[in-house]
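Participant: build me a model from this:
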Amino acid sequence: MSRFGVLGAGALGTFLGARLAACGHEVVLVGRPSVLAPVQRDGLRWSDLEGPSGVIAADRVRVASDPSALADCEVVLLTTKAAALPVAAASLASCRGLVVGLQNGVTHPSVLSAALGPARARAGTVGWNVIWQGPGALRKTTSGPLVIETRADDPQVSSLLRAFRAAGLDARGANDIVPVLWTKLLLNLNNACNALSGKPLQAQLADRAWRRVVAACQREGLAAMAAAGLRPVRLGRLDPRVSARVLPLPDPVFRFLASSMIRIDPEARSSMADDLAAGRPSEIDYLNGEIVRLGAAHGVPTPVNARVVEAVRAIEAGTARRFSPGDLGPALDSTSALS
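Facilitator: A predicted model of the protein is given here:
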């Protein structure tokens with residue numbers, strides 16, 4: 001049995017902690033009291049669209065609001081939002097364990113290494129989504145792998161991967177995490193489109209007009225990455241080089257092909273949709289904004305991603321509520337990525 005910690009225990013981090021606790025490991029969850037109070041009082045209920053479910057009694061996890069509670073954890077999963085990472089990583093300076101950052105985007109490896117030193121920092125990414133179904137109730141709503149950076153002699157990461165696999169999760173190691181993170185970013189370009197649509201993820205992807213927007217964003221991203229010498233990789237059953245071609249296809253063809261690539265719960269929605277609905281800042285700068293910056297640095301136009309960034313910022317500023325694909329206007333009309 002190992003002791004694992006989670007800092008920034010929202011939906012994703014708490015779900016990961018629940019799966020580890022279900023296998024008998026000690027788990028410490030650190031997060032907002034408003035989120036974790038029901039867990040501390042009543043325990044956790046979790047479920048997975050791929051079948052398993054479980055209940056974690058309140059005394060099976062330790063809940064805290066101060067990172068000092070993680071001091072004796074062997075591995076700490078850092079699941080804060082990307083913007084909160086520098087402060088969160090600095091708060092773990094005195095903790096002895098390895099720290100695994102599971103943020104969206106591609107900047108967290110350098111942030112973690114700067115704060116904690118490369119020996120203690122590992123980057124990773126989670127290829128699936130988790131939602132709250134009520135206080136203390138979580139559901140994994142999409143399929144995909146969890147990937148963590150590994151090195152030649154990495155017993156703590158190996159132990160963590162074994163623990164996740166024993167819990168029934170698709171957990172993998174990667175010697176080179178950079179292409180994995182860029183691939184996940186390309187797939188995550190749909191997060192903003194889902195938030196702008198105001199629809200559940202499954203319903204949004206059933207709309208060919210929205211799929212064409214996502215394909216345009218991914219194709220711009222692929223072009224910018226190619227100019228920068230970055231190559232995407234296959235992430236589980238998903239490959240953005242394939243999805244960018246599959247997404248714009250007519251509905252019957254898309255449904256047939258997509259059914260073999262990813263499973264989506266009807267309740268699933270992107271984390272950005274949750275953030276905008278709750279009035280929280282989004283991670284748009286770390287997703288579509290990253291593609292806009294990369295394109296600008298290498299002379300690759302990214303008009304659709306730029307327009308998506310503008311639309312999300314309009315919602316954050318309170319000057320708009322949601323968008324349709326047609327509202328994205330000239331950016332879509334001017335790109336061949338929608339053909």
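
Participant: residue 216 against residue 304, yeah?
Facilitator: Yes. In this structure residue 216 lies within contact range of residue 304 using C-beta atoms under 8 Å: 4.2 Å. Every residue, glycine included, has its C-beta placed from N, CA and C.

Participant: am I right that residue 266 is in a strand?
Facilitator: No. Per DSSP: H, G, I helix; E, B strand; the rest coil, residue 266 lies outside any strand segment and is coil.

Participant: how many neighbouring residues does the residue nearest to residue 250 when sequence neighbours are not counted have?
Facilitator: Nearest residue to residue 250, sequence neighbours excluded (C-beta to C-beta, 6 or more residues apart in numbering): residue 208, at 7.1 Å. A count of nearby residues for residue 208, using other C-beta atoms under 10 Å, gives 16.

Participant: contacting residues for residue 208?
Facilitator: The contact partners of residue 208, taken as C-beta atoms under 8 Å, 6 or more residues apart in numbering, are 248, 250-251, 254.

Participant: out of those residues, which are inside helices?
Facilitator: Here DSSP state H is the test, and the contacts of residue 208 give 251, 254 as lying in helices.

Participant: stretch 217-224: how far from the chain's middle?
Facilitator: 19 Å (C-alpha atoms, centre = their mean, to the nearest Å).

Participant: try stretch 229-243
Facilitator: Distance, stretch centre to chain centre, for stretch 229-243: 16 Å (C-alpha atoms, centre = their mean).

Participant: quick one: end-to-end distance for stretch 233-245.
Facilitator: With C-alpha to C-alpha, to the nearest Å as the measure, the ends of stretch 233-245 fall 16 Å from one another.

Participant: residue 127 is in contact with residue 169, isn't it?
Facilitator: No. Using C-beta under 8 Å as the test, residue 127 is too far from residue 169 to be in contact (10.4 Å).

Participant: what sits in contact with each of the two?
Facilitator: Common contacts of residue 127 and residue 169 (C-beta under 8 Å, 6+ apart): residue 146.

Participant: show me what residue 238 is bridged to.
Facilitator: residue 235 (DSSP bridges).

Participant: tell me the contacts of it?
Facilitator: Contacts of residue 238 by C-beta under 8 Å, 6+ apart are 127, 144, 187, 261-262.

Participant: from the residues you listed, which would you call buried?
Facilitator: 127, 144, 187, 262 (16 or more other C-beta atoms under 10 Å).

Participant: so what pLDDT did the nearest residue to the first one once chain neighbours are set aside get?
Facilitator: This points to residue 127. Leaving aside its sequence neighbours, residue 127 sits nearest to residue 144 (C-beta to C-beta, 6+ apart; 2.7 Å). pLDDT recorded at residue 144 is 91.

Participant: hang on, residue 284 packs against residue 314?
Facilitator: No. Counting by C-beta under 8 Å, residue 284 stays clear of residue 314, with 10.9 Å between them.

Participant: quick check: which element contains the most centrally placed residue in the chain?
Facilitator: When C-alpha atoms, centre = their mean is applied to the chain, the residue found nearest the centroid is residue 104 (4.9 Å). For residue 104, there is no helix or strand it lies in under DSSP states H and E.

Participant: quick one: it from residue 54, how far?
Facilitator: Per C-beta to C-beta, to the nearest Å, residue 104 is found 26 Å from residue 54.

Participant: out of everything not next to it in sequence, what's closest to residue 56?
Facilitator: residue 44 (4.1 Å).

Participant: burial of the one you found, as a residue count?
Facilitator: Residue 44, neighbours per other C-beta under 10 Å, totals 25.

Participant: and residue 120, what does it touch?
Facilitator: By C-beta under 8 Å, 6+ apart, the contact list for residue 120 reads 97-99.

Participant: for residue 165, state which of the residues you listed is nearest.
Facilitator: Residue 165 lies nearest to residue 98 out of those, by C-beta to C-beta, at 17.7 Å.

Participant: please consider this matter closed, and thank you.
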